[in-house]
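S.K.: Please find the sequence and the predicted model below.
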Amino acid sequence: MITVENLTKRYGQFTAVDDISFEVQPGSVVGFLGPNGAGKSTAMRMMTGLTPPTSGRSTILGRDYHALPNPARHVGVMLDAAAQHPGRTGKEVLHLVGMTIGVPKTRVDQALDVVGLTPAEAKRRVRNYSLGMRQRLGLAGALMGDPQVLILDEPANGLDPQGIHWMRQLLRAYADQGGTVLLSSHLLHEVQIIADELVMIGRGRIVAQGSKAELLGAGGTRVHSLDNDALANALQAKGFEVSGDRSGILVKASPEEVGRAALDAQIVLTELHTAGSEGLEQLFLSLTAADSREPQAA
């Protein structure tokens, strides 16, 4: 379990992380999302003891990271897959990790097998690895201690579609077996598939958090029918807020409530779904618009 309480980091007058609080429960994957520079990496560095907080605290398994006995045996961390000695082989990198944290030598081959690096690839120098191979090696290092918690910053960066699919299955299986996963990623579609809960951060502050179903369903219900004007009137008569556009009617109500209103009015529906099913990307863009580097449409 990860608990973050009022975590704040200031650099002079600049506040990188501003009073954030959330939890990651065992058996779940939490997507930690935000634009570049929003404070995600700084927050993760504070959780893992690499950056001291200005105020607030974070605990993992009920303790500060530094208070854990042999932290890597409890928490697998991958914050920068490029931070590996280029002159060593992949297998040497993992041997050093194993020696440092005190796991059997057999754990090296087990970790390599889990992340899909072949014996031939493990003998190659890291300088000759592709970005995707470095990501796999970084994840192998995080898994060496057989931890209960994973904290991963952009673990799918550089992976091809097959690798991304593999990563998704691996993390989902890890959580389903009781592990705790905090995952930062810009691959919103993948996060939407795998995450149970979402924490969105912008300009150092949390702008939204909750279960994926709650956040993606918060926009109401989008509906289309054979007679949208009659349907809109029927919904308004029941007290629901209704707006319309070319894609149909947007109703501040649940799909069940909309369906019952249409049934009462004997109107045939041709489309009915939560507005959030349009995707995490649209939610992300709307909540983090203030942080966008792109010019906003007039």
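M.R.: Sure thing, it's come through.

S.K.: Spell out which residues make up each domain of the protein.
M.R.: Per the record, the chain has its domains at 2-214, 218-280, by automatic domain parsing.

S.K.: Mean neighbour count, these: which tops it?
M.R.: Mean neighbour count (mean count of other CB atoms under 10 Å) peaks for domain 2-214 among those, with a mean of 18. C-beta: built from backbone N, CA, C; applies to glycine.

S.K.: Can you measure across that domain, start residue to end residue?
M.R.: 21 Å (CA to CA, to the nearest Å).

S.K.: same question for it, mean pLDDT?
M.R.: Mean per-residue pLDDT for domain 2-214: 93.

S.K.: wait, what's in contact with residue 30?
M.R.: Each residue near residue 30 by CB atoms under 8 Å, 6 or more residues apart in numbering is listed here: 22, 24, 181-183, 195-199.

S.K.: again, but for residue 149
M.R.: Taking CB under 8 Å, 6+ apart as the test, what residue 149 contacts is 1-2, 24, 60-61, 74-76, 179-182.

S.K.: at 6 Å what do you get?
M.R.: Counting by CB atoms under 6 Å, 6 or more residues apart in numbering, residue 149 touches 60, 75, 180.

S.K.: What of residue 180?
M.R.: 1, 24, 26, 149.

S.K.: Residue 139 now?
M.R.: 78, 115, 155.

S.K.: Find the nearest non-adjacent residue to it, please.
M.R.: Here the nearest residue to residue 139 in space, its sequence neighbours aside, is residue 115; by CB to CB, 6 or more residues apart in numbering that works out to 5.2 Å.

S.K.: What's the separation between the one you found and residue 166?
M.R.: In this view, residue 115 and residue 166 are 9 Å apart by CB to CB, to the nearest Å.

S.K.: Can you tell me the element residue 29 falls in?
M.R.: Using DSSP states H and E, residue 29 maps to strand 28-33.

S.K.: Restricting to C-alpha, output that strand in PDB.
M.R.: Taking Å, rounded to 0.1, in the frame of the first residue of the first chain, the C-alpha atoms of strand 28-33 are listed here in PDB:
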ATOM      1  CA  SER A  28      -4.900  -2.300  -7.700                       C
ATOM      2  CA  VAL A  29      -3.200  -0.400 -10.500                       C
ATOM      3  CA  VAL A  30      -3.400   3.400 -10.200                       C
ATOM      4  CA  GLY A  31      -2.600   5.600 -13.200                       C
ATOM      5  CA  PHE A  32      -0.700   8.700 -12.200                       C
ATOM      6  CA  LEU A  33      -1.200  11.200 -15.000                       C
END
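
S.K.: roughly how far is it from the heart of the chain?
M.R.: Distance of strand 28-33 from the chain centroid (CA atoms, centre = their mean, to the nearest Å) equals 3 Å.

S.K.: Same check on stretch 237-251?
M.R.: Distance, centroid of stretch 237-251 to centroid of chain: 32 Å (CA atoms, centre = their mean).
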